[in-house]
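Q: Below is the sequence, then the predicted model.
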Amino acid sequence: MTPKWMISNDQAVALPSATPGGKRGRRSFLEKTLWQLASVMQESVFSEAYASAPGLLQTLDPRVKFATLILFLTVTSLVRSIPVLVSIYLFTLLLAQLSRIGLPFFIKRVWLFIPLFAGIIALPAIFNVITPGEVWVPLIHLPRAYSWGPYHIPEAIGISRPGVMGALVFVCRVAASVSLVVLVTLTTRWDRLMKALRVVRIPQVFVLTLGMTYRYILLLVKLVQEMYWAKKSRTLRFSGVKAEQGWIASRMGALFRRSLQMSQEVHGAMRSRGFDGEAKILDTFQIRLRDYAWIFTSVLLFGLLFWLDRYL
């Protein structure tokens, strides 16, 4: 008899389980990894959609955006006042809102990896063993202080005030810098961003390699997904560890061969279309009145932030 789940139109019918005994098993490490890679691919598609939205930054010339990005990154790396760094981060949130970028998506994209990783790096600096100074929270009391050459361990080990302030400055600086970079990449199409890099004299080899990597790494990820789903859809029973390892090794070799073949085909297609080493797009850049207004506003904010950092 034909199973009910194959002929029923009701989406609530449960599909048969792939695990023995009818129990629903957990996803394997490989399957979880592929799902995460698929989510990254979806986010890249969303990024293209954000770049086409009618927002504030999307209407600016890519060269102007890239130049002002360097300006804001410079001031972010030089100021040391936490209120000023927090103000820069809040300014990026305002720009994201004006550029039609969802704040939950933007905040998650910024804070999910890099600033949290920066916080883990800065964590040891909060202790007075690394950053000497006034102890806010004492943790360990030793019988006496110890010194070995340039190294010194105080009698009271704890969280120091200079260490906490330095760690906060570091995390806020990384968060503001990453927010600025993500904001520019989300509001600029990849081909226009690559052309803007060439306008400011970034080496052509670097720009071309970056562009090709961005385009074809997603395609290779899709090939890996298709290989995995093809195997899973044809699997009737679980194999041993040795068989799975052999299959993974063979697929790695096949993916390497396909990537080499693809690189040759892409190179031949580019040469046949007259590629001379310089990537070209149909869009032409033109600085308009709104771009001059943005440059003036950015320079004004640049000076204001330095002034606030000096007196706060």
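A: Alright, I've got the coordinates. Residues are numbered from 1 along each chain as shown.
Q: pLDDT weak spots in this structure?
A: Counting by pLDDT under 70, the ranges of the chain that qualify are 1-47, 115, 277-282.
Q: Need the contact partners of the longest strand anywhere in it.
A: Taking DSSP state E as the criterion, the chain has its longest strand at strand 135-141. With C-beta atoms under 8 Å, 6 or more residues apart in numbering as the test, strand 135-141 has contacts from 128, 155, 156, 157, 158, 159, 160, 161, 164. Where C-beta positions appear, they are placed from N, C-alpha and C, glycine not excepted.
Q: doesn't residue 147 make contact with the second one?
A: No. With contact defined as C-beta atoms under 8 Å, residue 155 and residue 147 do not form a contacting pair (11.4 Å).
Q: Packing partners of the helix or strand containing residue 261?
A: Here residue 261, judged by DSSP states H and E, is contained in helix 241-272. With contacts taken as 3 or more C-beta pairs under 8 Å, 6 or more residues apart in numbering; DSSP states H and E, helix 241-272 sits against helix 204-233.
Q: buried ones in the helix it packs on?
A: Within helix 204-233, the residues that qualify as buried by neighbour count (16 or more other C-beta atoms under 10 Å) are 207, 208, 211, 223, 224, 227, 228.
Q: same for that helix, what does it pack against?
A: Judged by 3+ C-beta pairs under 8 Å, 6+ apart, helix 204-233 is in contact with helix 29-51, helix 190-199, helix 241-272.
Q: Highest mean neighbour count out of the ones you listed?
A: Highest mean neighbour count of these: helix 190-199, a mean of 18 (counted as mean count of other C-beta atoms under 10 Å).
Q: If I take that helix and helix 204-233, what angle do their directions form?
A: 160 degrees (axes from the mean of the first three to the mean of the last three C-alpha atoms, to 10 degrees).
Q: Tell me which residues are up against helix 190-199.
A: Contacts with helix 190-199, where a contact means C-beta under 8 Å, 6+ apart, come from 48, 62-63, 65-66, 184-185, 188, 204, 206-207, 210-211, 214-215, 278-279, 281, 283, 285.
Q: what does stretch 259-271 give?
A: Stretch 259-271 has contacts (C-beta under 8 Å, 6+ apart) with 212, 216, 219, 220.
Q: Show me the strands in the stretch 51-200 of the chain, by range?
A: For the stretch 51-200 of the chain, the strands defined by DSSP state E, counting those that start in this stretch occupy 135-141, 146-148, 151-153, 156-160.
Q: In JSON lines: these, plus distance to residue 70 and mean neighbour count.
A: Formatted as JSON lines, the strands of the stretch 51-200 of the chain follow (distance: least, C-beta to C-beta, whole Å; neighbours: other C-beta atoms under 10 Å):
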{"stretch": "strand 135-141", "distance to residue 70": "37", "mean neighbour count": "12"}
{"stretch": "strand 146-148", "distance to residue 70": "44", "mean neighbour count": "9"}
{"stretch": "strand 151-153", "distance to residue 70": "39", "mean neighbour count": "11"}
{"stretch": "strand 156-160", "distance to residue 70": "34", "mean neighbour count": "17"}
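Q: Distance check, residue 252 against residue 228.
A: Residue 252 sits at a distance of 12 Å from residue 228 (criterion: C-beta to C-beta, to the nearest Å).
Q: Over to residue 298?
A: 47 Å.
Q: got a list of what residue 255 touches?
A: Going by C-beta under 8 Å, 6+ apart, residue 255 touches 220, 223, 224, 227.
Q: right, and the last one touches residue 251 too?
A: Going back to what we said before, that points to residue 227. Yes. Assessed by C-beta under 8 Å, residue 227 is found in contact with residue 251 at 5.3 Å.
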